[in-house]
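Chemist: model the structure of this input:
(chains A, B, C and D)
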Number of protein chains: 2
Amino acid sequence: MAEKRSLDRIDQNIISILQKNARISNKALAEQVGLSASSCLNRVRKLEEDGCIGPYLGHVTLERLCRSITCIAMVTLEHHTQQDFRTFEQFVQTLPEVVQCDTVSGSCDFILRIVCADMERYHQVNELLLNSGANVVNISTHVVMTENKRFQGFPLNRLLP
Amino acid sequence: MAEKRSLDRIDQNIISILQKNARISNKALAEQVGLSASSCLNRVRKLEEDGCIGPYLGHVTLERLCRSITCIAMVTLEHHTQQDFRTFEQFVQTLPEVVQCDTVSGSCDFILRIVCADMERYHQVNELLLNSGANVVNISTHVVMTENKRFQGFPLNRLLP
DNA sequence: GCAGTAGCCGAATAAAATTCGGCGGCTGTT
DNA sequence: AACAGCCGCCGAATTTTATTCGGCTACTGC
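Modeler: Model prediction:
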C-alpha cells in the first residue's frame, strides 16, 4: 500500500484549487489559502515532489478541432495468467488511441477508453488488441454518444478526512 | 455539429504542449513554438476563447492522499424515453462521486466512473442512482483494481490532419 | 532551559506576463 | 498598379509574478 501523505487544511486547499485550476498564479493561490507567496510556493513544490499533485493537463475540446469517435471497450482474456495480464498492460501503453486502461473485477478483465479518428481506425486498433499476444478472447465495444459529465477532478470534499 | 476551428501548425503545437503541461510559462511555450511571447499569448487566449483548450486541471494522485475505491458502472434504463435520459443525465451531475458519465450505444445506456471513500458509500450512490426517477433497471459494477494507463490527453498526432 | 528543526514572513531580486505602438504582408477595390 | 484596411507579428516598456534568502517564532527532544 502506498504511504499516505499527511495533509493539513492548507495543503488540502492547495490541492483542491490546483486540481480545478492548474494555471492559477502562485500569488493568487497564496491569497486564497491564506499564506505568503513564498510559503505557498514551498508547499506546492513539496506536494509535487511527494507525488500528491501533478502533472497539469490542459483539457482539449476535441469536437471543436476535428472529427473523432470515442469507444469504451471491455476486454476479456482467455487465461488469467500474470504473464498475459502483463503482456496486455504493456501493449496498451504502445497504442496512443488507448487513452485510459483499467484492470477491473467483474465480467471482463480490462476496460479501455479509446479515441480514434474514425471507425475504420477503431477496427484496426481492435485487431491490434486481439493480436496483442495476451490471448484476448473478447472485446465488447460501447460507442460514446454523448459525454454527459466530464472528469473535472476528484470529489476531495467527500474523500479527504 | 460543432463548427471546427481551423488551426495552423503553430496552434496545433500550442494545444499539444498545453494539453501535456498546463503550467508551462508563456515564455517557454513561445520559444517552443517559435513565436514571440506576445504573439503566443494572443494565440493562447484566442484558443481559450474559442473553447479549444481549457480548463486546466491538476492531476491529484488520490492513493497518495487517502483511501478510496473507483468503480465503473454500466447503467441501463427501462424505457428509452428522452425524458428518462434527461432525468438521469441531470441526476448524475448532482453526485460528486460520479466523476464521469457517458451515454453509450450497446448493451447498456450509460457508463459511469464513480470514486468513493469506501464500498459502503458506493452502495449508497448505487441506491441513489436506482432511485433517480429515471427508471434504472440495472447497474452492473466493475471495481477498478489497477489504473494501468491514466488519461494524459488525446492522441492529437493521430487525430489532427 | 537550550539546541535543533520546521515553517512562516517580508524584502530584494530575477523572471515572466501584459500592454501597446509600429511594421510588413495580404486582400480586395479603384 | 496603387492604395486602404486588416491581421498577425515583433520588441520595448511596464506591470505583475516568481523565486531566493535571511531572520523570526514555535515546537521537539534532550
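
Chemist: phi and psi next, for the residue most central in space within chain A.
Modeler: Centre of chain A computed as the mean C-alpha position; nearest residue by C-alpha atoms, centre = their mean is A:Q100, 6.0 Å away. Backbone geometry at A:Q100, expressed as degrees, to the nearest 10, gives phi -160, psi 140.

Chemist: if I look at it, how far off is A:R121?
Modeler: Plainly put, A:Q100 is 17 Å away from A:R121 if you go by C-beta to C-beta, to the nearest Å. (Glycine included, C-beta is placed from N, CA and C.)

Chemist: tell me how many other residues crowd A:T87.
Modeler: By other C-beta atoms under 10 Å in any protein chain shown, 16 other residues sit near A:T87.

Chemist: could you do A:H142 as well?
Modeler: A:H142: 22 surrounding residues under other C-beta under 10 Å.

Chemist: that one sits in which helix or strand?
Modeler: Counting by DSSP states H and E, the element that carries A:H142 is strand A:136-149.

Chemist: quick one, what contacts the residue nearest to the centre of chain A?
Modeler: Taking C-beta atoms under 8 Å, 6 or more residues apart in numbering or on different chains as the definition of contact, the neighbours of A:Q100 are A:L112, A:R113, B:E147, B:K149, B:R150, B:F151.

Chemist: hang on, the earlier thing: in the strand holding A:H142, what's buried?
Modeler: By neighbour count with 16 or more other C-beta atoms under 10 Å in any protein chain shown, strand A:136-149 contains the buried residues A:V136, A:I139, A:T141, A:H142, A:V144, A:N148, A:K149.

Chemist: just for chain A, where's the confidence low?
Modeler: Low-confidence regions of chain A, defined here as pLDDT under 70, cover residues A:1-2.

Chemist: and the helices in it?
Modeler: The residue ranges that make up the helices of chain A, judged by DSSP state H, are A:9-20, A:26-33, A:37-49, A:82-93, A:119-130, A:156-159.

Chemist: chain B is nearest to which of those?
Modeler: Ranking the helices of chain A by proximity to chain B (C-beta to the nearest C-beta) places helix A:9-20 first, at 3.9 Å.

Chemist: just checking, what packs against the closest one?
Modeler: Taking 3 or more C-beta pairs under 8 Å, 6 or more residues apart in numbering or on different chains; DSSP states H and E as contact, the helices and strands that helix A:9-20 lies on are helix A:26-33, helix A:37-49, strand A:53-60, helix A:156-159, strand B:53-60.

Chemist: in JSON lines: these, plus mean neighbour count.
Modeler: Below are the helices and strands packed on helix A:9-20 laid out as JSON lines (neighbours: other C-beta atoms under 10 Å in any protein chain shown):
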{"stretch": "helix A:26-33", "mean neighbour count": "16"}
{"stretch": "helix A:37-49", "mean neighbour count": "15"}
{"stretch": "strand A:53-60", "mean neighbour count": "21"}
{"stretch": "helix A:156-159", "mean neighbour count": "16"}
{"stretch": "strand B:53-60", "mean neighbour count": "21"}
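
Chemist: closest one to A:G58 among the helices of chain A?
Modeler: The closest of those to A:G58 is helix A:9-20. By C-beta to C-beta, the value is 13.3 Å.

Chemist: and that closest one, anywhere near DNA strand C?
Modeler: Yes: judged by C-beta under 7 Å from any atom of the strand, helix A:9-20 comes into contact with DNA strand C at A:I10.

Chemist: what separates the residue sitting furthest away from the middle of chain A from A:D8, distance-wise?
Modeler: Counting by C-alpha atoms, centre = their mean, the extreme residue of chain A relative to its mean C-alpha position is A:S36, 32.3 Å from that point. Taking C-beta to C-beta as the measure, A:S36 falls 16 Å from A:D8.

Chemist: kindly report the residues of chain A close to DNA strand C.
Modeler: Proximity of chain A to DNA strand C (C-beta under 7 Å from any atom of the strand) is limited to residues A:I10, A:G34, A:L35, A:S36, A:A37, A:S38, A:S39, A:N42, A:R43.

Chemist: before we move on, the earlier item: return the member of the contacts of A:Q100 nearest to B:K20.
Modeler: Distance to B:K20, by C-beta to C-beta, is smallest for B:F151 among those, at 11.6 Å.

Chemist: so the closest one touches A:F151, yeah?
Modeler: Yes: B:F151 is within contact range of A:F151, at 7.3 Å (criterion: C-beta atoms under 8 Å).

Chemist: quick check: domain ranges of chain A?
Modeler: A:9-49, A:62-143 (automatic domain parsing).

Chemist: same list (the ones you listed) but as JSON lines, adding distance to B:S25.
Modeler: Below are the domains of chain A laid out as JSON lines (distance: least, C-beta to C-beta, whole Å):
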{"stretch": "domain A:9-49", "distance to B:S25": "10"}
{"stretch": "domain A:62-143", "distance to B:S25": "24"}
